[in-house]
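Undergrad: Sequence isn't available, so here's the structure alone:
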């Protein structure tokens, strides 16, 4: 959990997630601020999530808050 916390604070996890999603040529992603979600789940929460297709003016999916859980 300590390593996970460090990755979030250093921004490495956010950059990794964006690069993995954008590695697929059909998607672009935007993520806002990240924070650690600790409780019944361990994960990372992002504000202002948007997933769009290249060349399309409006995002296909938007969310004010998006949480990715750690398995």
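TA: Ah, there it is. All figures in this text were calculated on a predicted structure; none of them were measured in a lab.
Undergrad: Show me which positions of whichever strand in the chain runs longest end up buried.
TA: Longest among the strand segments of the chain by residue count, using DSSP state E, is strand 42-52. Within strand 42-52, the residues that qualify as buried by neighbour count (16 or more other Cβ atoms under 10 Å) are 43, 44, 45, 46, 49, 50, 51, 52. For glycine as for every other residue, the C-beta is placed from the backbone atoms N, C-alpha and C.
Undergrad: confidence score at residue 17?
TA: Reading off the confidence values, residue 17 has pLDDT 73.
Undergrad: three-state assignment of it?
TA: The assignment at residue 17 comes out as helix when based on DSSP: H, G, I helix; E, B strand; the rest coil.
Undergrad: so where's the chain shaky on pLDDT?
TA: Scanning the chain with the threshold set as pLDDT under 70 gives 1-11.
Undergrad: Next, please give the residue ranges for the strands of it.
TA: Counting by DSSP E, the chain has these strands, from start to end: 28-30, 34-38, 42-52, 61-69.
Undergrad: Of all the ones you listed, which one is nearest residue 13?
TA: With respect to residue 13, and counting by Cβ to Cβ, the nearest of those is strand 42-52 at 6.1 Å.
Undergrad: Paired strands for that closest one, with orientation please.
TA: Sheet pairing here is set by DSSP bridges, and for strand 42-52 it gives strand 28-30 (antiparallel), strand 34-38 (antiparallel), strand 61-69 (antiparallel).
Undergrad: which one of these lies closest to residue 15?
TA: strand 34-38 (10.2 Å).
Undergrad: What are the buried residues along the closest one?
TA: By neighbour count on 16+ other Cβ under 10 Å, the buried set for strand 34-38 is 34, 37.
Undergrad: give me the beta-bridge partners of the closest residue to residue 35 other than its chain neighbours?
TA: If the residues on either side of it in the chain are set aside, residue 35 comes closest to residue 45, at 5.2 Å by Cβ to Cβ, 6 or more residues apart in numbering. Beta-bridge partners for residue 45, by DSSP bridges, are residue 35, residue 67.
Undergrad: distance of residue 45 from residue 67?
TA: Distance from residue 45 to residue 67, counting by Cβ to Cβ, to the nearest Å: 5 Å.
Undergrad: Fine, thanks again, bye for now.
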